[in-house]
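Enquirer: below is the sequence, then the predicted model.
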Amino acid sequence: MVDAIDSKSIIRKDVEVRVLSSALEVRKQKYPQCGVFLFVLVSFYMQRLIVICGPTATGKSDYAVQLAKQLAKDGIKSEIISADSRQVYKGLDIGSGKITVQEMEGIPHHLLDVASPKRTFTVAQYKKLADKAIKDIVKRNKVPIIVGGTGFYIDAVVFNQQFPEVGPNKALRKSLERLSLDDLRQKLQELDIERYQTIDIHNRVRMIRAIEIAAVLGKVPVQEPRTAKYAVEWIYIDLPDDVLKERIHDRLLKRMKQGMVTEIAELHAQGLSWKRLEALGLEYGYVAMYLQEKLSKEEMLIQLEAAIWQYVKRQRAWFKKYAK
């Protein structure tokens with residue numbers, strides 16, 4: 001078993017925790033008998049919540065569906081809430097790896113296709129919709145399952161985080177949008193090295209917002225752990241580096257065959273600027289550069305695969321910090 005997160009550690013002192021360190025172990029067991037380990041020691045007065053997290057390409061969505069089906073066999077109904085910063089957007093399907101209706105296998109999913117890709121969707125907006133979805137799921141006597149790799153979204157909901165009330169600075173944003181990605185990275189490092197170490201450095205929108213906040217407050221406020229609103233069952237899924245790199249490579253080629261380039265070209269034809277597509281990051285950013293002939297197809301694939309791996313490292317760092 002790969003201990004990407006120390007399975008002996010409790011992620012948060014105020015949350016009931018179980019850590020599944022490796023997706024390989026999941027596959028060995030096929031899928032765990034959920035009734036054995038879920039909801040044990042959960043306080044009767046706290047709402048149950050399952051969080052399935054981990055790096056991209058580890059099979060979190062499939063695991064969540066299988067877990068929900070197993071729970072149903074044990075008499076526990078559940079619904080899934082996506083925690084993915086690209087899957088919230090309409091039309092970002094192949095490039096984001098959005099689960100299909102067939103893959104859902106009848107399990108209701110929430111927070112997919114809830115925003116226009118023409119406008120930035122904030123973590124505050126995500127939290128508002130996720131809180132509403134959880135309330136609705138609970139009202140129907142079901143258990144919410146949050147699944148995804150966007151740790152910022154997961155933290156916002158589980159720990160009821162509040163966000164700095166720094167309004168948009170149009171003049172600053174206009175000047176920052178003229179800067180290259182490298183210039184933005186350097187500027188954020190100078191303003192707030194702590195935020196730089198946790199942010200998606202390929203996401204222009206997120207970096208500009210971080211700079212905007214740091215320019216007003218001096219730094220992006222660190223969200224201190226709060227008492228969780230829920231009794232949480234944490235499931236972390238990961239794979240050994242060599243296995244995960246191979247999966248990322250194969251998945252990228254599969255998405256190319258599925259029509260990812262066509263999808264992104266159509267998004268541009270529907271009104272998404274190249275700058276906006278680049279700001280969406282990873283697949284959307286690199287394919288947009290390819291379509292503008294800034295990169296050859298080979299350069300695009302090599303650079304994109306490397307960027308995805310860097311993203312995996314940041315995801316691991318985000319979730320690993322909880323073990324401290």
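Expert: It's in. Numbers count the residues shown, from 1 in each chain.
Enquirer: quick check: Glu233 is in a strand.
Expert: Yes: judged by DSSP: H, G, I helix; E, B strand; the rest coil, Glu233 forms part of a strand.
Enquirer: what bridges to it?
Expert: Following DSSP bridges, Glu233 is listed with bridge partners Ile50.
Enquirer: just the pLDDT at it, thanks.
Expert: With respect to pLDDT, Glu233 has a value of 84.
Enquirer: so how far is Ile264 from it?
Expert: Glu233 is 37 Å from Ile264, where distance means CB to CB, to the nearest Å. Heads up, the C-betas are built off the backbone N, CA and C, glycines and all.
Enquirer: what do you get for Met289?
Expert: For Met289 relative to Ile264 (CB to CB), the value is 10 Å.
Enquirer: who has more neighbours, the two?
Expert: Neighbour totals were compared for Met289 and Ile264, and Ile264 leads with 25 against 18 (other CB atoms under 10 Å).
Enquirer: wait, doesn't the more buried one sit right on Arg276?
Expert: No: at 11.3 Å, Ile264 does not count as touching Arg276 under the criterion of CB atoms under 8 Å.
Enquirer: now do the same contact list for the residue lying closest to Glu299 once chain neighbours are set aside.
Expert: Of all residues not flanking Glu299 in the chain, Tyr290 sits nearest, at 7.9 Å (CB to CB, 6 or more residues apart in numbering). Contact analysis of Tyr290 by CB atoms under 8 Å, 6 or more residues apart in numbering lists 261, 296-297, 299-300.
Enquirer: out of those, list just those in helices.
Expert: Using DSSP state H, the subset of the contacts of Tyr290 located in helices is 261, 297, 299-300.
Enquirer: select only the buried ones of these in ChimeraX?
Expert: To isolate the buried ones among the ones in helices among the contacts of Tyr290 in ChimeraX, judged by 16 or more other CB atoms under 10 Å, type:
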select :261,300
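Enquirer: take the ones in helices among the contacts of Tyr290 and write them to JSON lines, including pLDDT and distance to Lys128.
Expert: Below are the ones in helices among the contacts of Tyr290 laid out as JSON lines (pLDDT from 0 to 100; distance: CB to CB, whole Å):
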{"residue": "Val261", "pLDDT": "98", "distance to Lys128": "34"}
{"residue": "Lys297", "pLDDT": "97", "distance to Lys128": "40"}
{"residue": "Glu299", "pLDDT": "97", "distance to Lys128": "40"}
{"residue": "Met300", "pLDDT": "98", "distance to Lys128": "36"}
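Enquirer: re the thing from before, between the contacts of Tyr290, which is closest to Val114?
Expert: Distance to Val114 across the contacts of Tyr290 (CB to CB) is lowest for Val261, with 25.1 Å.
Enquirer: that closest one touches Val287, doesn't it?
Expert: Yes: counting by CB under 8 Å, Val287 is a contact partner of Val261 at 5.7 Å.
Enquirer: helices of the stretch 51-200 of the chain, start to end?
Expert: In the stretch 51-200 of the chain, the helices defined using DSSP state H, counting those that start in this stretch lie at 60-73, 101-104, 123-139, 151-158, 170-177, 181-191, 193-198.
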